[in-house]
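A.B. asks: Turn this into a model:
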Amino acid sequence: MNSKKEKLARFGMVAKGMVYAIIGMLTAMAAFNLGGSKSGQQNALQFLREQPFGKVLLVILGIGLFGYTFYRWYEALKGSGDSWSELKGFVKRSGYIISGIFYGALGLTAVKMVVAGSSGSGSDSMITTLMSKSYGPYLLSFVALCIAGKAIFQTYKAYSGKFRDDVNESNLGPKGKKVLIRAGEIGFTARGIVSGIVAFLLFKVAIGSGGSSGGKVAAFDFLQDTLGAVAMGVVALGLVAYAVFMFIQARYAQIKLN
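C.D. replies: Purely as a prediction, here's the structure:
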């Protein structure tokens with residue numbers, strides 16, 4: 001096993017966990033009137049930038065996100081398990097590719113914020129541009145469908161316990177296993193809820209019946225408007241639980257890199 005590759009992969013998991021921890025904490029604070037604000041990935045990066053040594057923190061986070069991108073692409077191209085020629089393997093490995101692209105783009109955004117001081121145009125402007133094209137509604141509907149599939153998969157992982165397959169539990173004590181299981185169940189459920197709402201809102205945009213393309217922030221707005229601030233806060237804390245799971249996974253993940 002290449003220890004450098006493994007360390008990069010584990011660092012990537014920590015970076016991903018940090019993003020979710022910041023998103024969850026800022027949103028939960030807003031929900032319970034403790035400051036903060038409803039947040040998504042961009043807001044998490046902006047929060048880091050405003051801290052002492054913010055640019056250094058962004059560079060470190062960006063490197064970590066590139067590490068996670070490497071890990072996901074490595075899993076897609078050289079990972080063990082079902083192959084591309086099998087339906088299950090095709091879906092799984094394609095998901096790794098997409099995940100790698102997403103976190104790689106987030107890493108680039110972090111670096112851009114260090115160099116240029118801004119993250120560029122947001123998702124709303126990109127969706128508006130897309131919807132101005134004749135194929136825009138169809139492509140956006142496909143994206144919404146993919147995110148909905150992700151929501152279902154995250155929920156399935158939460159209640160089937162499949163998230164435990166990614167962690168070597170033999171090195172965890174009883175208390176550690178308990179924390180892992182609770183963090184995984186709560187965290188993946190929260191991710192499923194947020195992804196499901198994002199998919200719903202994007203589909204509404206695609207069919208021209210309102211909705212919002214604001215990602216997690218729009219999902220939190222929806223939660224607050226429909227179920228109240230407490231529900232939004234609970235889901236946000238669920239994302240913090242997911243961050244805890246990622247930190248545990250970073251330490252005890254079963255990583256196989258040749």
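A.B. asks: Pull the residues that contact stretch 175-187.
C.D. replies: 157-159, 161, 163-164, 167, 169, 172, 238-239, 241-245, 248 (Cβ atoms under 8 Å, 6 or more residues apart in numbering). Quick note: C-beta positions are derived from backbone N, CA and C, even for glycine.
A.B. asks: which residues in the stretch 151-258 of the chain form helices?
C.D. replies: Counting by DSSP state H, counting those that start in this stretch, residue ranges of the helices within the stretch 151-258 of the chain are 174-206, 215-227, 229-252.
A.B. asks: Quick check: which helices or strands does the last one pack against?
C.D. replies: This means helix 229-252. Helices and strands touching helix 229-252, as assessed by 3 or more Cβ pairs under 8 Å, 6 or more residues apart in numbering; DSSP states H and E, comprise helix 3-31, helix 174-206, helix 215-227.
A.B. asks: Try it again at 10 Å.
C.D. replies: Using 3 or more Cβ pairs under 10 Å, 6 or more residues apart in numbering; DSSP states H and E as the contact criterion, the neighbours of helix 229-252 among helices and strands are helix 3-31, helix 54-78, helix 136-160, helix 174-206, helix 215-227.
A.B. asks: Thr189 - nearest residue in space that isn't next to it in sequence?
C.D. replies: The shortest distance from Thr189 to any residue that is not its chain neighbour, by Cβ to Cβ, 6 or more residues apart in numbering, is 4.4 Å, and that residue is Ala158.
A.B. asks: The one you found touches Arg191, doesn't it?
C.D. replies: Yes - counting by Cβ atoms under 10 Å, Ala158 does reach Arg191; the two are 8.2 Å apart.
A.B. asks: anything in contact with each of these two?
C.D. replies: A shared contact of Ala158 and Arg191, defined by Cβ atoms under 10 Å, 6 or more residues apart in numbering, is any residue touching both; here these are 238, 242.
A.B. asks: Could I get the buried residue list for the host helix or strand of Ile98?
C.D. replies: Element membership for Ile98 (DSSP states H and E) is helix 87-115. Taking 16 or more other Cβ atoms under 10 Å as the basis for neighbour counts, the residues of helix 87-115 that come out buried are 92-93, 95-96, 99-100, 103-104, 106-114.
A.B. asks: next one: stretch 23-43
C.D. replies: Neighbour counts over stretch 23-43 (16+ other Cβ under 10 Å) mark 23-31, 36, 38-43 as buried.
A.B. asks: ok so, going back, for the buried ones among the contacts of stretch 175-187, write the corresponding PyMOL selection.
C.D. replies: Those of the contacts of stretch 175-187 that count as buried under 16+ other Cβ under 10 Å are selected in PyMOL with:
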select buried, resi 157+158+163+167+172+238+239+241+242+243+244+245+248
